[in-house]
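Participant: okay, sequence plus prediction incoming.
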Amino acid sequence: MENLGYLLAAYTIIWAVVFGYVLFMQRKQRRLQRQINLLKESMQKQNSPTLPNP
Amino acid sequence: MKSRHILRDNILFGLGFALMIAALYMVFVYVPTEKETGIVQRIFYFHVPVAWVCFLAFFITFIFSILYLWKRATKWDAIAHASAEVGIIFATLVLITGPIWAKPVWGIWWTWDARLTTSLVLWLIYVAYLLVRSFATEPERGARFGAVVGIVGFIDVPVVFLTVNLWRTQHPTTMIFEGGLATPMLMTLLVCIIAFTVLYVLLTVQSANLKSMETEIKRLKSAQAEQEDIDLWRT
């Protein structure tokens, strides 16, 4: 069991980096989706005809 | 269309998860411990697949960069960009797991031999690829410059691969498919390579989706600005 620490360190780092990247992508996706929804909403408001004041 | 994408992503995720569990089982339970270097040799089963995925990722960037320069379609650029990003993640892992394996076996973390140096140069080339893209004033210009770096930078991939056979290096030579590995070791390595390839595909697809969403945001913003100009002109 000599050098077990090196083995554990290597595998831990691999998984930490992969999970970190997945988390980063997930957060980015949420942020971009929110931005897309907001833009679409504001464009819909812009395009909807406003009634003239009486 | 969207449900087809969700199904594809779920299949990829399920396949990747099952393969990764199988790979971990084979690495830690199935495969026997190597006699000379001991338990630390098990780093090999993830270090080599990670390096393979890194080469594959840069190859995909190379192909899709050529396609982008030829057709100028943003979807090709999105794939090239996503693949380079994932490739850098895996290149970073190669540069981290290599020294962790080297320390107990060679007694040193790092040496400036041909394989290690060209690997570091490869990492720097693709970091430059991302920097060139992010520093460009216009996205189209960044994509164009990035594509050139993605094509020229790929020259280093065969160089990295051949260094151990062309020069005398500290790094072991590629003897995997020349009968240098016992059958259980070879089987374990192959399962790990397939598992990491599926992981690469999954990550690249997700990353390319994000690039497409960014393009959609830019399109919506410019459409909104155009609409505001028209409204201003009307009033």
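Facilitator: All right, it came through fine. Residues are numbered from 1 along each chain as shown, chains lettered A, B, ... in the order given.
Participant: thinking residue B:210 is in contact with residue A:31, fair?
Facilitator: No - taking contacts as CB atoms under 8 Å, residue B:210 lies outside contact range of residue A:31: 9.8 Å. No exception for glycine: its C-beta is placed from N, CA and C like everyone else's.
Participant: between these two, who's got more neighbours?
Facilitator: Neighbours per residue, other CB atoms under 10 Å in any protein chain shown: of residue B:210 and residue A:31, the larger number sits with residue B:210, 20 against 12.
Participant: can you name the helix or strand that the more buried one falls in?
Facilitator: For residue B:210, the enclosing helix or strand under DSSP states H and E is helix B:183-234.
Participant: what's that helix packed up against?
Facilitator: Where contact means 3 or more CB pairs under 8 Å, 6 or more residues apart in numbering or on different chains; DSSP states H and E, helix B:183-234 is packed against helix A:4-47, helix B:2-25, helix B:44-71, helix B:74-106.
Participant: what residues does chain B put near chain A?
Facilitator: B:38-40, B:42-43, B:46-47, B:50, B:86, B:89, B:92-93, B:96-97, B:100-101, B:103-104, B:199, B:203, B:206-207, B:209-210, B:213-214, B:216-217, B:220-221, B:223-224, B:227-228, B:231 (CB under 8 Å from any CB of the partner chain).
Participant: any stretches of the chain with poor pLDDT?
Facilitator: I'll assume chain A. A:1, A:49-54 (pLDDT under 70).
Participant: that answer is for a different chain, and I need it for chain B
Facilitator: B:1, B:174-179.
Participant: report the central residue of it.
Facilitator: residue B:87 (2.1 Å; CA atoms, centre = their mean).
Participant: that one and chain A: what is the separation?
Facilitator: Residue B:87 is 12 Å from chain A, where distance means CB to the nearest CB, to the nearest Å.
Participant: ok, that residue - contacts?
Facilitator: B:53, B:54, B:57, B:58, B:61, B:126 (CB atoms under 8 Å, 6 or more residues apart in numbering or on different chains).
Participant: mind running it again at 7 Å?
Facilitator: B:54, B:57, B:58, B:61, B:126 (CB atoms under 7 Å, 6 or more residues apart in numbering or on different chains).
Participant: quick one: contacts for the closest residue to the first one other than its chain neighbours?
Facilitator: With sequence-adjacent residues excluded and distances taken as CB to CB, 6 or more residues apart in numbering or on different chains, residue B:54 is closest to residue B:90, at 4.1 Å. Taking CB under 7 Å, 6+ apart as the definition of contact, the neighbours of residue B:90 are B:50, B:53, B:54, B:57.
Participant: residues near the third one, how many?
Facilitator: Spelled out, that is residue B:54. 28.
Participant: quick one on the thing from earlier: just give me the closest of the contacts of residue B:87 to residue B:173.
Facilitator: residue B:54 (18.8 Å; CB to CB).
Participant: any idea how far the closest one is from chain A?
Facilitator: Counting by CB to the nearest CB, the gap from residue B:54 to chain A is 13 Å.
Participant: how close does that residue sit to residue B:200?
Facilitator: 9 Å (CB to CB, to the nearest Å).
Participant: check residue A:10 too.
Facilitator: From residue A:10 to residue B:200 the distance is 19 Å (CB to CB).
Participant: for chain A, which residues are neighbours of chain B?
Facilitator: A:1-4, A:6-7, A:9-11, A:13-14, A:17, A:21, A:25, A:28-29, A:32, A:35-36, A:39-40, A:42-43, A:46 (CB under 7 Å from any CB of the partner chain).
Participant: select only the buried ones of the residues you listed in ChimeraX?
Facilitator: Only the buried members of the residues of chain A next to chain B enter the following ChimeraX selection, criterion being 16 or more other CB atoms under 10 Å in any protein chain shown:
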select /A:3,6,7,10,11,14,17,21,25,32,35,39
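Participant: figure out how far stretch B:70-86 is from the centre of its chain.
Facilitator: In terms of CA atoms, centre = their mean, to the nearest Å, the centre of stretch B:70-86 is set 14 Å apart from its chain centre.
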